[in-house]
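Colleague: predicted model and sequence follow; I will ask about them next.
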Amino acid sequence: MRSTTGKPSASPSAVPRTDLPGRPGVILDTNILFLVIRAGFPLEEEVDRLMPGARLLLPASVAAELDGLAKSLTPGAMAARALAERYPIVPTRAGGDEGVMEAALAARAGVATADRELRRRLAQRGIAALVPRDRHRLELVVGRPPPARGVAPARRASPRAGTVKKRARVVR
């Protein structure tokens, strides 16, 4: 990787932040890159179908994870890292899923992931997720927005509230 000075840099976080004026972005998780490599998933076509004109972005945490997997000779990691080189890097301080969420919030972007736990956490934060539906399609899952600060979330009544009947006491 090259820093802003043009000199090689070992740190993926040394790459300047990518701003997205007027264009939506999609943050890529590690597992979605492996899906492209291992199953031939048409990632770019599917993202363009769901979010025309969106830019694919790579968090620095994912780049670092791919580097580690490639060094440990994980099958497909070197190809996934080569694929990742095509996308601009969004700097992150956190690693793993936290880095992916940090990048999504910083870039105001959705996240392409096959990780169910990450998808649940994204929904809680109000971040849209693009998840594989089958071997050739993505589905856009919009997270529910977080409640406004200082406003308690509305409580729903129990589905059984008001329907419970008092049991008659049977005397024998």
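Modeller: On my side now, so go ahead. Numbering: from 1, shown residues only.

Colleague: the residue positioned nearest the centre of the chain is in what secondary structure piece?
Modeller: Centrality entry for the chain: nearest residue to the mean C-alpha point is Val111, 2.9 Å, by C-alpha atoms, centre = their mean. Assessed by DSSP states H and E, Val111 sits inside strand 110-112.

Colleague: so where is the protein shaky, pLDDT-wise?
Modeller: Along the chain, segments meeting pLDDT under 70 span 1-22, 145-172.

Colleague: assign a three-state SS to the closest residue in space to Ala77 that isn't next to it in sequence, would you?
Modeller: Ranked by C-beta to C-beta, 6 or more residues apart in numbering and with sequence neighbours excluded, the top spatial neighbour of Ala77 is Leu69, at 3.7 Å. Every C-beta, even on glycine, is put in place using the N, C-alpha and C of the backbone. Here Leu69 is recorded as helix under DSSP: H, G, I helix; E, B strand; the rest coil.

Colleague: i'd like the first residue to be 26 from this point on
Modeller: Okay, using 26 as the starting number, the last item reads as Leu94.

Colleague: distance of Leu94 from Leu163?
Modeller: Using C-beta to C-beta, to the nearest Å, one gets 23 Å for the distance from Leu94 to Leu163.

Colleague: buried ones in stretch 153-164, by neighbour count?
Modeller: Using 16 or more other C-beta atoms under 10 Å as the test for burial, stretch 153-164 gives 153-157, 163.
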